[in-house]
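> I'd like to go over a predicted model; first the sequence, then the structure.
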Amino acid sequence: MRRIACLLALCVLPALAEAAPPTPDMCQDAPPPPEPWTSWMQSGTAIAGGVPHSAPRLILGKPVVATLRPSVQVQYAVQPEKQRPKSHGGLFTLAVKTPARVGIGLSGPAWVDIVMDRQPVESVGDDHGPECSAIEKIVWFDLPAGVHLIQIADSPARELRVMAADALANRPLPPAPEPEF
């Protein structure tokens, strides 16, 4: 029985090593994150709103280090699905000119909702950011044109880097069709 346990441990160890987060040494010479996250490390600051009408505007492709509020001081338009006591959160707005798939990137754990007409917009996916990018979480939404309310909740940290990015930002346009003569 001991021999089987040792063999199982030897099989699991390589998988654990691959799943380990990158160390600072591994990321020292890492390239910048790919599009649409290339501006992730730019510096802007914002204080998250506590009520929708005073929420600061996020601009696509422009990250901010957001100072969040104690969650009990935030009047969410829709009650967040996750919100622990003594967590932090806040509100932002985002204007989208044309329909787009938009990702909300966060530097730490938190719950993200986008609200439209007092209803949460269903996310179309979520994942981790690119390795060595410091983007811990990205939640994707398909948004119509208009102004949207972004709700952040359940953050254990008071400060969080936040960025909204258009999935197609800075992508090359498809080649123009050849003219017919």
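Cool, the structure landed. Predicted, not measured: the structure shown is a model, and the values here were computed from it.

> give me the neighbour count for Met163.
Each residue near Met163 was counted by other Cβ atoms under 10 Å, and the total is 27. The C-beta positions use only the backbone N, C-alpha and C, and glycine is treated the same way.

> that one: which element?
Using DSSP states H and E, Met163 sits within strand 159-166.

> for the residue nearest the centre of the chain, list each beta-bridge partner.
The chain has Gly105 as the residue nearest its centroid, 1.8 Å off, counting by Cα atoms, centre = their mean. Beta-bridge partners for Gly105, by DSSP bridges, are Ile138, Met163.

> pretty sure it is touching Gly129, no?
Yes: between Gly105 and Gly129 there is a contact under Cβ atoms under 8 Å: 6.1 Å.

> what do these two both touch?
Trp37, Trp40, Ile135, Lys137, Ile138 (Cβ atoms under 8 Å, 6 or more residues apart in numbering).

> out of those, which is nearest to Ala153?
Set against Ala153, the nearest of the shared contacts of Gly105 and Gly129 by Cβ to Cβ is Lys137 (13.0 Å).

> list the contacts of the closest residue to that closest one other than its chain neighbours.
Leaving out its chain neighbours, the residue that sits closest to Lys137 by Cβ to Cβ, 6 or more residues apart in numbering is Leu106, at 4.7 Å. Neighbour list for Leu106: Val112, Ile135, Glu136, Lys137, Ile138, Val139, Ile152, Leu160, Arg161, Val162 [criterion: Cβ under 8 Å, 6+ apart].

> which element, helix or strand, includes the residue nearest to the last one when sequence neighbours are not counted?
What it means is Val162. Counting by Cβ to Cβ, 6+ apart, Val162 lies nearest to Ala66, which is 4.9 Å off, once chain neighbours are set aside. Ala66 is part of strand 64-67, with elements assigned from DSSP H and E.

> from the middle of its chain, how far away would that strand be?
13 Å (Cα atoms, centre = their mean, to the nearest Å).

> number of nearby residues for Met116?
16.

> how about it, nearest residue that isn't a chain neighbour?
His148 (5.7 Å).

> now swap in Ala134 and tell me
Ser107 is the one closest to Ala134 (Cβ to Cβ, 6+ apart), at 5.8 Å.

> the one you found touches Ile138, doesn't it?
No: taking Cβ under 8 Å as the definition, Ser107 is not a contact partner of Ile138, at 10.9 Å.

> would you list every one of the helices in the protein?
2-19, 24-27 (DSSP state H).

> which helix or strand in this structure has the lowest average pLDDT?
For the chain, using mean pLDDT, DSSP states H and E, the weakest element among its helices and strands is helix 2-19, scoring a mean of 45.

> poorly predicted segments of the chain, please.
For the chain, applying pLDDT under 70 flags the ranges 1-25, 170-174.
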